[in-house]
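Peer 1: Sharing a model that was predicted from the sequence below.
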Amino acid sequence: MQQEVIIAGFGGQGVLFTGQLLSYTAMDEGKEVTWIPSYGPEMRGGTANCTVVVSDEEIGSPLVKNPTAVMAFNLPSLEKFEHLVEKGGTLVVNSSMVNREVTRKDIKVVSIPANDIAEELGSKRSVNMVMLGALLANMNLLSFEAVERSLEAHLPARHMRFLEANKAAIRKGAEYKATEIQ
């Protein structure tokens, strides 16, 4: 089975790290994987997205036209990628940063106030892990246990103090379920 995920938001929201974590987890689990980052010249505040393809078999192309899932961290990302999600796919939307409803009715939508949840957990920078938890809970991609093991194995040493907060954020995000396809 092959799954394609586009993760998109502003620079500084942890978009690229989220994609790297999915990629490392897939590799650690013996899957085939590609990760393609795309970002503007700005370090923070500019646009950033990445595409992750995870497969049980060799991946023919890392390019994705209609991903099985999109994580939209902000309104510009929702505007850019909502229409691309494969019919029956999953769209995770950070409702803390998006002020409109999703228009598609043929996809699963997880609307999650990720910024608010991260603040409640005491770590504003864990928005990406909240979003990741929601994604993992709403599609058959990778297990929570595998992601947590990879987080532990691949988190830079200077960020190890955030390990437990990241795990808690993933678990909290997993509490949000998608709306049914109409």
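Peer 2: Nice, thanks for sending it over.
Peer 1: Show the average pLDDT along stretch 101-118.
Peer 2: Stretch 101-118 shows a mean pLDDT of 96.
Peer 1: Mind checking what helix or strand follows the longest helix belonging to the chain in sequence?
Peer 2: Of all segments of type helix in the chain, defined using DSSP state H, the longest is helix 15-28. Next helix or strand after helix 15-28 toward the C-terminus (DSSP states H and E): strand 32-39.
Peer 1: tell me the angle of the helix or strand following that following strand relative to helix 15-28?
Peer 2: As assigned by DSSP H and E, the chain's next helix or strand after strand 32-39 is strand 47-55. Angle of strand 47-55 versus helix 15-28, following axes from the mean of the first three to the mean of the last three CA atoms, to 10 degrees, is 10 degrees.
Peer 1: next structured bit after strand 47-55?
Peer 2: Taking DSSP H and E, what comes next after strand 47-55 is strand 69-72.
Peer 1: now the protein, which segments are flagged as low pLDDT?
Peer 2: Residues of the chain meeting the criterion pLDDT under 70: 40-46, 182.
Peer 1: ok, back up a step: next, the buried residues of the longest helix of the chain.
Peer 2: Buried positions in helix 15-28, judged by neighbour count with 16 or more other CB atoms under 10 Å: 15-26, 28. For the C-beta atoms, the positions are set from N, CA and C on the backbone; glycine is no exception.
Peer 1: how far away is residue 146 from residue 170?
Peer 2: As judged by CB to CB, to the nearest Å, residue 146 and residue 170 stand 11 Å apart.
Peer 1: So between these two, which is more surrounded?
Peer 2: Comparing residue 146 with residue 170 by other CB atoms under 10 Å, the one with more neighbours is residue 170, at 25 against 17.
Peer 1: Which helix or strand contains that one?
Peer 2: Following DSSP H and E, one finds residue 170 within helix 163-173.
Peer 1: Surely residue 146 is in a helix?
Peer 2: Yes - under DSSP: H, G, I helix; E, B strand; the rest coil, residue 146 sits within a helix.
Peer 1: And the contacts of the helix holding residue 170?
Peer 2: Under the contact criterion CB atoms under 8 Å, 6 or more residues apart in numbering, helix 163-173 has outside partners 112, 114, 117-118, 121-123, 126-127, 129-137, 144, 147-148, 151-152, 155.
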